[in-house]
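Undergrad: generate coordinates for the sequence data below:
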Amino acid sequence: ETPVPLLDPGAGKTKKAYVWAWARSHHDPHPGVIYEFCLGRGSQYPLAFLGGNGPPGREPAWQGTLITDQYGGYNAVLDTKRYPQRKSAACAAHARRRFEELSRGGRAGHSASVVATEAMHRWARIYRAEAAFSEMSHEERRQARQAVSRPLWEEFEVWLKLQRTQVLDGSKIAEAIDYSLNAWDSLTLHLDDGAVVIDNNLIERQIKPWKLGAKNWLFAGSALAGQRAAVVMSLVQSAKLNGLDPWAYLRDVLARIHMHPSQRLEELLPHRWRPA
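TA: Numbering: from 1, shown residues only. All right, here's what the predicted structure looks like:
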């Protein structure tokens with residue numbers, strides 16, 4: 001989720017709203033992204049989006065593996081007692097970023113910088129291995145991760161636990177280590193499932209158009225305007241992810257949709273669309 005300014009007419013200024021972004025894994029053969037314009041960033045928004053809270057039988061709960069950072073708003077969404085069909089995968093990029101910031105030195109101090117720098121070397125080895133698996137099938141990727149990546153992660157865990165005993169509680173490097181160790185099962189869940197990505201960098205790239213847009217249009221004029229923008233942006237970005245020209249796609253869909261059978265509207269979605 002990312003903040004977006006929303007006009008607050010009564011106050012004569014803007015207030016903070018949020019765009020939530022949801023995407024399929026980049027290992028998925030049918031990529032796509034959905035944006036949802038919301039007035040906050042509480043857990044009620046992902047709970048509603050993923051379903052399972054309405055009357056029985058009306059809105060089935062989403063099933064699968066959800067990769068996120070460690071924001072507490074996802075805890076209710078990934079409650080295994082309530083949603084046993086969901087799995088939580090943590091984003092390696094968020095864990096790595098904490099070491100990257102400290103490896104640059106500065107206020108972190110010399111010893112913290114040394115530990116962070118070594119951690120970055122270990123992250124690099126993990127990511128180099130992952131890059132080599134990018135074109136594999138899910139099962140091939142799982143097997144490759146088991147053979148190549150798992151030993152790297154296991155060595156990394158042992159090393160992190162050792163370093164944690166040698167750094168001061170409350171220090172930035174201790175916080176970086178704890179961030180990874182506290183989510184270790186979720187960080188390494190991708191090792192057992194070749195369809196799961198190592199990080200959520202894909203979704204962060206899909207957020208960038210909103211950041212760029214906010215510099216141009218400055219704010220959403222109303223919640224309804226924000227919701228409409230989210231629908232259009234979902235189609236445009238999904239078209240791009242599927243290698244389509246968004247202008248050609250939208251022009252064709254808008255020309256055809258009034259004659260297209262309503263029970264077959266899904267044929268016009270970006271990942272299924274074919275020119276008339």
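Undergrad: tell me the contacts of the closest residue in space to A93 that isn't next to it in sequence?
TA: Excluding the flanking residues, the one nearest A93 by C-beta to C-beta, 6 or more residues apart in numbering is D199, at 3.7 Å. (C-beta placed from N, C-alpha, C; glycine too.) Residues near D199 by C-beta atoms under 8 Å, 6 or more residues apart in numbering: I67, C91, A92, A93, H94, R96.
Undergrad: L191: which of those is nearest?
TA: L191 has its nearest neighbour among the contacts of D199 in A92, at 11.1 Å by C-beta to C-beta.
Undergrad: what's the burial count for the closest one?
TA: By other C-beta atoms under 10 Å, 25 other residues sit near A92.
Undergrad: pretty sure it sits against L187.
TA: Yes. Counting by C-beta atoms under 8 Å, L187 is a contact partner of A92 at 6.0 Å.
Undergrad: can you redo the contacts of D199 as a markdown table with distance to S180?
TA: Below are those laid out as a markdown table (distance: C-beta to C-beta, whole Å):
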| residue | distance to S180 |
| --- | --- |
| I67 | 15 |
| C91 | 11 |
| A92 | 9 |
| A93 | 12 |
| H94 | 9 |
| R96 | 9 |
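Undergrad: tell me which of these fall in strands.
TA: Those of those mapping onto strands are I67, per DSSP state E.
Undergrad: helices - which of the contacts of D199 land there?
TA: Counted as lying in helices by DSSP state H, out of these, are A92, A93, H94, R96.
Undergrad: the second one contacts I203, correct?
TA: No. Under the criterion of C-beta under 8 Å, A93 lies out of contact with I203, with a separation of 10.4 Å.
Undergrad: quick one: the strands in the protein, in order.
TA: Ranges of strands within the chain are 2-8, 13-23, 33-38, 64-68, 86-90, based on DSSP E.
Undergrad: which residues in the stretch 151-276 of the chain form helices?
TA: With helices called from DSSP state H, counting those that start in this stretch, the stretch 151-276 of the chain shows them at 172-181, 184-187, 201-217, 223-241, 246-256.
Undergrad: about what we covered before: dump the ones in helices among the contacts of D199 into a markdown table; add distance to A248 and pLDDT as well.
TA: Listed next are the ones in helices among the contacts of D199 as a markdown table, based on distance: C-beta to C-beta, whole Å; pLDDT from 0 to 100:
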| residue | distance to A248 | pLDDT |
| --- | --- | --- |
| A92 | 36 | 96 |
| A93 | 33 | 95 |
| H94 | 36 | 94 |
| R96 | 38 | 96 |
